[in-house]
Structure formats: structure tokens, C-alpha cells
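**Student:** sequence first, then the predicted structure, then my questions.
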Amino acid sequence: MRDSSQDLVNLIWSAADLLRGEFRASEYSSVLLPFAVLRRLECRNLLGGRSLVFQVHARTDPLDALRVMHDSAPAELADLLAGLDLHAIASRLAEAGLLTLVIARFAALDLSEQAVSDAEMGSVFDSLVRRSAETTAGFAGEHFTPPDVIALLAMMIVAPDAARLARRTAPIRVYDPVCGAGGSLMALWAAAGQLSPVELFGQDLNYASSALTSATLLMHGLDPGGIALGDTLSNDAHPEATFDYMVAAPPFGVEWKKVAGEVKKEAALGDAGRFGAGLPRITDSSLLFLQHMLAKMRPPEDGGSRLAVHFNSSPLFTGAAGSGESEIRRWILENDLLETVVALPERLLYNTRIPLTFGF
């Protein structure tokens, strides 16, 4: 990252000084990320011509100004700001007497395209998300994968196809069924986008996560239209779609009991569905996400697909012979779908000592 970009990251994060006492350190990003997005959109004149800075300086009530901006913004941007929980955060800031101060701090930032390119803004936003992960404890099974690990994964997927991709004219379609903050998608975009145009697709169950992925793409100057909200296992937002490259970090050891009815119904379809290889134990959905991705591979005659999934070691070894997990692994091997397994050491993930395993 250029020094100027790092200076901008530090400048934005310095607004956390206003929040101390009223917000916990783990909550700073819930304020800083949406306001950084808001200011970037405002500086790019994407909010229906409304200026939050102007209205606040004109002594308009800041909450009213936010509502006006939201109502005037294009629908997809209004949904994005809602997904980042901007109104709830703004209300909390207002109650603490901090909203005008926070707005004034961000109003001092010039985030126009002339001052900050899409590449620089994307790098800044990525750093803000990473700093957020470093100060936020993960929920059960959810862990932020460090950028260098994701970059390694992306390189290992794309590098073998470099010569072929350099000759390709059609866009490369990239997909993450549990896209989280969008880091894996952006790593594949960085790796494959040097060779050919890239279209990004993703889905996440968490409202804030899908909004954060959309924000990440937007801050990089990319189209977030392929990012969807919903449970990938029970409600695939990209049915019938196939992709060139896929990557996922399914939550570790998270049960699929809530969607058991939909999953079992699709499993009954056999090879016509996404879960024809079998069902794992109800306490771990990782191998369901893997099967979902395998179902979205292109046939070899259309160029095929490559994918990578990062697990803890449990999906590789859990289950005796004849169990759901064992049958899924057998099906993968018999259909020659596994290229390699890469084991990485402990302490690479934030907030956990769990070692990481890549499957390709």
C-alpha cells in the first residue's frame, strides 16, 4: 500500500477517538466503515445530488439530512447503506451527542475520484476492514482470513491457467457462496483480473456481511450487482449459474438444522440436485457448501472450473466408513474432483488457533 493510502487509513481510523467511552473498541468499525462508504458516495455525486455536508453546515438536523440522502439515493445504494446499518448507528451517535462531530470529521476528507482513485480507495477500504477484524471477536465458526492467506489461495487457483486466460476474451466468472467481507472475491479479482475481465458473484446469509461485500466492490469501482443476501444452502441466489473460479471459507462446525428440510429435499433429487453425494452430520455444514460449489462447475467441454475451499481439518477426517462425510469424500475421489490438499499451520486466522486446510 502506498504511504498516502496508509495515511488515509490512519486518518479515517482516527475518528475512533471521538467514539471512546460511548463505543467499545470492537464497535468502532460499525461507525467508520459506513461513514467512509457514505463519504465516498457523496464525493462521487452518487446520492441523488444530496450533500450531507452542506445540509449539516446549513444547520439541518443531521438525522433528517441522512434520511433525505437515503430517500434520494438510487435503490441499490439505499439498500447498501441500510445493510451497513447506517441509520441505527447514526441514531446512537445522535443520542450520544457525537453525530455532528463524526460527520464533520468525515466532511474534511476529500474522497473524490480526482483525489483518491478506485484502486487506492479499494486498498484503503480493505485495510479498514482488516483493522476491524483485528479488533472484533469472531462469532462461533466465523473467522476472518488474513489477506496473505487469501492471496496464496487465489494464486494457486489461477496460476495454472495463466496462459489460457491471457488468450480469453469472455469475462471470467468468480463466485463465493459465503462471501463474508468479500476478501476472497477481491483476491481472485486481483489474480485473474490481470489476465481478463472479471465478473464477481457471491451470497451471504448475514445482512451486514452481504452489504459489506457490496461496499468493498463498490469502493474498488466494481459492480456489486452479483452479490446477494440469503442462505446459500436453502435458497441459492444464482440457480443454474456456473462459474470459472470459486472460493469459499465455510463457517467451521456450524450446524444446518435450520435448513434441514430444504437440504434433504434437494438431496433427494440425487445428481439432479446440489447434494447428491450425501449429507454430512447435522452439526457441520462445510461439506454441503463444497457440494454446492461442485454443482456449479462448468463441464470440461466448456472449459471446466477450478475451486478452492478452506476448512478446519474436521471435514477431511470426520465420519466412519459409510457415514455421510465418508460417502461425500468417496464420491469426490471417484469422480476425480480433488487435485490437492494443502495444510497450513495454526494461528493464521484471527481470533483462533485452528489450523487451516485448503482443498482444490
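**Tutor:** It's in.
**Student:** would you mind confirming that residue 344 makes contact with residue 148?
**Tutor:** No - look at residue 344 against residue 148 with CB atoms under 8 Å: they stay out of range, at 10.9 Å. Bear in mind the C-beta positions are built from the backbone N, C-alpha and C, glycine included.
**Student:** dihedrals phi and psi, residue 70?
**Tutor:** Dihedral angles of residue 70 (phi, psi; degrees, to the nearest 10) stand at phi -60, psi -40.
**Student:** again with the one 4 residues further on
**Tutor:** Per-residue torsions, residue 74: phi -60, psi 150 (degrees, to the nearest 10).
**Student:** what is the neighbour count of it?
**Tutor:** Residue 74 has 12 neighbours, counted by other CB atoms under 10 Å.
**Student:** and residue 27, by the same measure?
**Tutor:** Each residue near residue 27 was counted by other CB under 10 Å, and the total is 17.
**Student:** also residue 228?
**Tutor:** By the criterion of other CB under 10 Å, residue 228 has 19 neighbours.
**Student:** more crowded one of residue 344 and residue 148?
**Tutor:** Remark: of residue 344 and residue 148, residue 344 carries more neighbours, 15 against 10, as counted by other CB under 10 Å.
**Student:** so how far is residue 196 from the more buried one?
**Tutor:** Counting by CB to CB, to the nearest Å, the gap from residue 344 to residue 196 is 29 Å.
**Student:** residue ranges with poor pLDDT in the chain?
**Tutor:** For the chain, the stretches with pLDDT under 70 are 1-3, 48-59, 134-145, 346-360.
**Student:** show me it divided up by domain.
**Tutor:** 3-135, 147-359 (automatic domain parsing).
**Student:** for my notes, confirm residue 5 occurs in a strand.
**Tutor:** No - membership of residue 5 in a strand is not supported by DSSP: H, G, I helix; E, B strand; the rest coil, which gives helix.
**Student:** that one touches residue 123, doesn't it?
**Tutor:** Yes - here residue 5 reaches residue 123: they are 5.1 Å apart, a contact under CB under 8 Å.
**Student:** could you pull out the helices for the stretch 101-250 of the chain?
**Tutor:** For the stretch 101-250 of the chain, helices defined by DSSP state H, counting those that start in this stretch occupy the ranges 118-135, 147-158, 162-166, 183-192, 207-219.
**Student:** turn those into JSON lines, columns for distance to residue 78.
**Tutor:** Rendered in JSON lines, the data for those read as follows (distance: least, CB to CB, whole Å):
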{"stretch": "helix 118-135", "distance to residue 78": "19"}
{"stretch": "helix 147-158", "distance to residue 78": "30"}
{"stretch": "helix 162-166", "distance to residue 78": "36"}
{"stretch": "helix 183-192", "distance to residue 78": "23"}
{"stretch": "helix 207-219", "distance to residue 78": "11"}
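**Student:** residue 336 is nearest to which of the ones you listed?
**Tutor:** Across those, the minimum distance to residue 336, taken as CB to CB, is reached by helix 147-158, at 17.5 Å.
**Student:** now for that closest one, which elements pack on it?
**Tutor:** Contacts defined by 3 or more CB pairs under 8 Å, 6 or more residues apart in numbering; DSSP states H and E place helix 147-158 against helix 183-192, strand 245-248, strand 306-311.
**Student:** and it, how far from the chain's centre?
**Tutor:** Centroid displacement of helix 147-158 relative to its chain, using CA atoms, centre = their mean, to the nearest Å, is 15 Å.
**Student:** same deal with stretch 147-159?
**Tutor:** Distance, stretch centre to chain centre, for stretch 147-159: 16 Å (CA atoms, centre = their mean).
**Student:** cool, and stretch 17-33?
**Tutor:** Counting by CA atoms, centre = their mean, stretch 17-33 comes out at 22 Å from the chain centroid.
**Student:** for that stretch, buried residues please.
**Tutor:** By 16 or more other CB atoms under 10 Å, the buried positions in stretch 17-33 come out as 18, 19, 23, 27, 28, 29, 30, 31, 32, 33.
**Student:** stretch 100-110 too?
**Tutor:** Neighbour-count burial for stretch 100-110 flags 102, 103, 105, 106, 107, 109 (criterion: 16+ other CB under 10 Å).
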